[in-house]
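Visitor: Output the structure for:
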Amino acid sequence: MKCLVVIAHPLQDSLCASLSRLVVDALVADGHEVETESLYTDDFQPALSAGERSSYYDVGGYDDEAVRAQLARLSAAQALVLVFPTWWFGFPAMLKGWFDRVWAPGHAYHHASDLGAIRPALLGLRRTIAITTLGSPWWVDWLLLRRPVRRVLASALLGTCAPQCRLDLLSLYRAERVERSRLERFERRILARLRRLH
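Guide: Numbers count the residues shown, from 1 in each chain. Predicted structure coming up:
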């Protein structure tokens with residue numbers, strides 16, 4: 001499959017960086033075609049520009065000049081792997097900015113002529129695996145906040161832009177003090193999900 005791996009962590013020695021290397025190595029070893037975007041390393045600019053926002057409804061289309069390469073990689077992807085920390089039970093600003101600028105009209109979705117419900121455009125995207133680390137215990141995410149990251153990915157993004165895409169969310173809780181055996185179990189879960197890509 002054509003796989004796009006998007007990494008959103010500012011530290012090169014972070015747990016997310018280590019997990020992203022595990023992901024890329026496994027995908028390459030399985031024969032997938034892999035593109036990577038390390039948003040911090042690539043100095044991606046997350047802020048939606050005035051020109052980009054004002055062009056959302058232009059007849060001429062979205063002003064995609066600054067993000068054309070990212071748009072092409074997303075449009076071509078059959079599988080998307082996101083590796084990121086969950087901060088304050090949401091996406092890092094860098095990843096949120098990637099969604100804002102790259103999941104754009106005319107590329108990830110199409111506006112309805114009457115400004116009603118949008119129509120999906122990422123019709124080739126079949127699988128998304130989101131791998132995230134959290135400092136909190138599982139019950140805060142599941143019971144108190146009802147998994148906000150999963151809800152946004154499943155409903156707001158994939159549900160509208162790629163409704164045929166299957167989502168797997170793998171969350172490592174209490175990641176700031178994870179013992180080696182628990183980390184190894186989590187890594188095995190990641191590898192098992194990656195092996196199901198086809």
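Visitor: Check the gap between the residue nearest to the spatial centre of the chain and Val23 for me.
Guide: Nearest to the geometric centre of the chain sits Leu82, at 3.8 Å (C-alpha atoms, centre = their mean). The gap separating Leu82 from Val23 is 10 Å, by C-beta to C-beta, to the nearest Å. The way it works is simple: take the backbone N, C-alpha and C, and place the C-beta from them, glycine included.
Visitor: Mutual contacts of the two, please.
Guide: Counting by C-beta atoms under 8 Å, 6 or more residues apart in numbering, the contacts common to Leu82 and Val23 are Ile131.
Visitor: that older thread, these two touch, right, the residue nearest to the centre of the chain and Ile131?
Guide: Yes: counting by C-beta atoms under 8 Å, Ile131 is a contact partner of Leu82 at 6.8 Å.
Visitor: circling back to that earlier point, SS state for the residue nearest to the centre of the chain?
Guide: strand (DSSP: H, G, I helix; E, B strand; the rest coil).
Visitor: Return the set of residues that bridge with it.
Guide: Partner residues in beta bridges with Leu82, using DSSP bridges, are Val6, Ala130.
Visitor: Spit out the contact partners of it.
Guide: By C-beta under 8 Å, 6+ apart, the contact set of Leu82 is Val6, Ala8, Leu95, Thr128, Ile129, Ala130, Ile131, Thr132.
Visitor: and the first one, what does it touch?
Guide: Going back to what we said before, that points to Val6. By C-beta under 8 Å, 6+ apart, Val6 lies in contact with Thr36, Glu37, Leu39, Leu80, Val81, Leu82, Val83, Phe84, Leu95, Trp98.
Visitor: if I look at it, how far off is Ala79?
Guide: For Val6 relative to Ala79 (C-beta to C-beta), the value is 11 Å.
Visitor: Ok, the last one next?
Guide: According to C-beta to C-beta, Thr132 and Ala79 sit 17 Å apart.
Visitor: repeat for the third one
Guide: Taken as C-beta to C-beta, the spacing of Leu95 relative to Ala79 amounts to 17 Å.
Visitor: Next, the nearest residue to Leu158 once chain neighbours are set aside: phi, psi?
Guide: In space, and not counting its chain neighbours, Leu158 is closest to Cys165: 4.9 Å by C-beta to C-beta, 6 or more residues apart in numbering. Main-chain dihedrals, Cys165, degrees, to the nearest 10: phi -80, psi 130.
Visitor: how near is Cys165 to Arg53?
Guide: 26 Å.
Visitor: Please apply the same query to Ala175.
Guide: Distance, Ala175 to Arg53, by C-beta to C-beta: 34 Å.
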